[in-house]
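>>> Let's see this in three dimensions:
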Amino acid sequence: MYKSLSHMTILLIVAIFFILLFYTKLIQEYDLKIYDLTSFIFSVYNGDDDSNQTSNVVIVNIDNKSISQIKQWPWSRVIYAQLIANINEMTPATIGFNMSFCYKDKASPIVIKKFYQKYFDLNTTINNIPTELQNNDRFLAQKLANSKSVLSVNLSNSNKKTAAHCADLSYDILDMNGIRHISTATYLKCNTQEFHQNNPNFGFTNIHVDRDGRVRKIPLLKSYRDNIIPSFGLATLLSLNIHDYDAQNRVLSFFDSSILLESRDRLLLPYSRSSAHTFSAIDVLKREVPSETFHGKIVIVGSTINSEDRYYKIFNGKRVYSSEIHASYIESLLNHTFLIQNGIYKGLNIFAAFFLSLLLYFLFNKRWYMAMSIVTFSVMVFSIFWLIIKFKEGIYISIGYLWVPLLSVYGILLIATFFSKNRKEKEALKEDLVRSLHSTATSMALVANTHDQETGEHLIRTKKYVKLLAMQLYRKGFYPKLITLHQIELISEAAPLHDIGKVGISDSILKKPGKLTVEEFEIMKKHSQLGADIITQSLEYYDHNPLLEIAYNIALYHHERWDGTGYPTGLKEEEIPIEAQLMSIADVYDALISKRRYKEAFTYDKAESIIISERGKAFNPILVDIFIEQKERFKSISLEWHEEEKKN
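Numbering: from 1, shown residues only. Model prediction:
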């Protein structure tokens, strides 16, 4: 009976571990690293050399050479207009302008005239300039419209107000309204009004960058105010009018290449790509470029001088600038060389890893250690062949969702096997593993199922605040017996458990949108003791566990006040454990600057003034003084991890 219960507990723990692992960013990042490695191996094995590949795209780059010879930056719009005219002479298929013009050209004669009239009350006359050159913006806009060039816009979730003429933009080349599973934007930054008046071709130039700073995903569509806007690369291809569109099934085709627009799948940049030939803009302006190199090509005009064309890393770590990324997008869509990351493989792999882990645990219990290794090795070999076959078919099967959990479990069991020298030691080790896993899973399950709505980013922020304060105490030599580097790490790791007791508070109180009554607040105050009780239960499995002992102090005492008016025990001053003092100031600060059901977020200035006003009342004066010194770093941590909440 006891053995059956132990095995059921292990099964439950493993299931919880795999569910939590599936939704962590850690496994996503490892999976992307495996994609990078696979792409690199394929590129080396196939001997791909970008310079030997024929590309449908040509890049015109406004580089340092161009700037040094023109001796002006930013350029007047008439120079861009001449650049477009020279490109058009070489009969390209289309032109994509990977630059935006959000402000009027100050070198435009009409702008200069208005300047002198406004500030000096002078009615100036600029002679011998043709009418079409009086307004540089309109002149360039007309050149771009005549050449059917594709304009750039930028979509984001900024709180800025979109200009009226930008908000009215609608992409009408393709009727894509109603397409689902695409990200939305709240802010659209476009060109000045002249550029969009007679030019229906435009696309967003935003490049999706993964958390590790690398570009892998090919964006297709974004939504703004119920309008679907294509990416710059897709818009450039659509301007060629070589597509077929099945509106009913949401399938877009370019020759033999078909793309499902309404899909949860990710399109990934291919490992094999043709490199677009790049020409300096000054060479095009001087007509020093052979016309045949542009004939029938898709031309992207960009600049490595401004921030819009900054550098990015791709799968092999190579740095490329944004025009090269857009060129790769276009080639991938045109030739169907992209890879598809189908979300179903993630679930399939984690499911397979779960059952294989149970099999490994069964073999471990039977002490069939060689069989454990054979099973793991066989699965790895089979999955590698499966990965290769599907990769050649243009599908990435997210194999990291199989390898990471499976190898983690195998590694744990392998270490357990190595240290088990005899049967008695093996049995003792198994019991310790069960106890450790049981204790950890109990705490994790309680936290994971808590009905309080505080985010994971709240835990990360408070953890970082606590560590920042503790490190300053250490550097200044305060509490040398209590604050050591080892102790700081323990306090930092224990900090996320500070409100674990809220699992015992009813939803009607935790989720109440308004102020608590006196009776409700008395119930809420019990969460400190409840948290201590939960950790006490976990401590029963250990003779001594410094991490959980610190977590106990944090959970129980982080609402105590320096003047002794806190709860639950009314400790004051140095009676309060230092880890609880650190947690108190971190928790209060984050609560002030965060939005809750019952209040809006306070400004940083207001939050800081409240913390400072409680010096010697709620908080240790030493910690408040350190907070004052480090308040900008507190703010930086808050901004960084509140931004993560927005992304997620």
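
>>> For residue 492, which non-adjacent residue is spatially closest?
residue 467 (4.3 Å; Cβ to Cβ, 6 or more residues apart in numbering). For the C-beta atoms, the positions are set from N, CA and C on the backbone; glycine is no exception.

>>> ok, now which ones touch that neighbour?
With contacts defined as Cβ atoms under 8 Å, 6 or more residues apart in numbering, residue 467 is in contact with 488, 491, 492, 495.

>>> any idea how far it lies from residue 631?
16 Å (Cβ to Cβ, to the nearest Å).

>>> Let me know the helix or strand that residue 301 is in.
Assigned by DSSP states H and E, residue 301 falls within strand 298-303.

>>> Which elements pack onto that strand?
Secondary structure elements in contact with strand 298-303, counted by 3 or more Cβ pairs under 8 Å, 6 or more residues apart in numbering; DSSP states H and E, are strand 57-62, helix 77-89, strand 94-97, helix 232-238, helix 322-335.

>>> who does that strand pair up with?
Note on strand 298-303: by DSSP bridges, its sheet partners are strand 57-62 (parallel), strand 94-97 (parallel).

>>> Now tabulate these in a markdown table and tack on mean neighbour count and distance to residue 200.
Shown next, in a markdown table, are these (neighbours: other Cβ atoms under 10 Å; distance: least, Cβ to Cβ, whole Å):
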| stretch | mean neighbour count | distance to residue 200 |
| --- | --- | --- |
| strand 57-62 | 26 | 22 |
| strand 94-97 | 26 | 13 |
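
>>> Tabulate those (a markdown table), appending mean pLDDT.
As requested, the strands paired with strand 298-303 are exported to a markdown table (pLDDT from 0 to 100):
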| stretch | mean pLDDT |
| --- | --- |
| strand 57-62 | 94 |
| strand 94-97 | 94 |
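
>>> Out of these, which is closest to residue 82?
Nearest to residue 82, of all those, is strand 57-62, at 12.3 Å by Cβ to Cβ.

>>> Show me the contact partners of the closest one.
Counting by Cβ under 8 Å, 6+ apart, 75, 83, 87, 92, 276-281, 284, 293-294, 297-305, 321, 323-324, 327, 330-331 sit against strand 57-62.

>>> What are the buried residues along whichever helix or strand comes after that strand?
Using DSSP H and E, the next helix or strand after strand 57-62 towards the C-terminus is helix 64-70. The neighbour-count check on helix 64-70 (16 or more other Cβ atoms under 10 Å) flags 66, 67 as buried.

>>> ok, the residue nearest to the spatial centre of the chain to residue 33 distance?
Centroid-nearest residue in the chain, with Cα atoms, centre = their mean: residue 211, separated by 4.6 Å. From residue 211 across to residue 33, the span is 11 Å (Cβ to Cβ).

>>> likewise residue 546?
Between residue 546 and residue 33 the computed distance is 33 Å (Cβ to Cβ).

>>> One more: residue 331?
Applying Cβ to Cβ, the value for residue 331 to residue 33 is 25 Å.

>>> Please name the nearest non-neighbouring residue to residue 627.
Distances taken as Cβ to Cβ, 6+ apart place residue 611 nearest to residue 627, at 5.8 Å, with adjacent residues excluded.

>>> Just give the number of residues close to that neighbour.
Residue 611 has 21 neighbours, counted by other Cβ atoms under 10 Å.

>>> Following the chain onward from the helix or strand encompassing it, which element is next?
Using DSSP H and E, residue 611 sits in helix 604-613. Downstream of helix 604-613, the first helix or strand assigned by DSSP H and E is helix 621-647.

>>> Give me the distance from that following helix to the chain's centre.
Centre-to-centre, helix 621-647 and its host chain are 21 Å apart (Cα atoms, centre = their mean, to the nearest Å).

>>> anything in contact with each of residue 211 and residue 33?
Counting by Cβ under 8 Å, 6+ apart, residue 211 and residue 33 have no common neighbour.

>>> Any figure for the gap between the nearest residue to residue 72 once chain neighbours are set aside and residue 299?
Nearest residue to residue 72 in three dimensions, chain neighbours excluded: residue 79, at 7.8 Å (Cβ to Cβ, 6+ apart). In this view, residue 79 and residue 299 are 17 Å apart by Cβ to Cβ.

>>> More neighbours: these two, which one.
Set residue 79 next to residue 299 and count neighbours by other Cβ under 10 Å: residue 299 wins out with 26 against 19.

>>> list the contacts for that one?
Residue 299 is in contact with 57, 58, 59, 60, 87, 92, 93, 94, 95, 96, counting by Cβ under 8 Å, 6+ apart.

>>> again, only this time at 10 Å
57-60, 84, 87-88, 90, 92-97, 147, 149, 236, 276, 279, 284, 293 (Cβ atoms under 10 Å, 6 or more residues apart in numbering).
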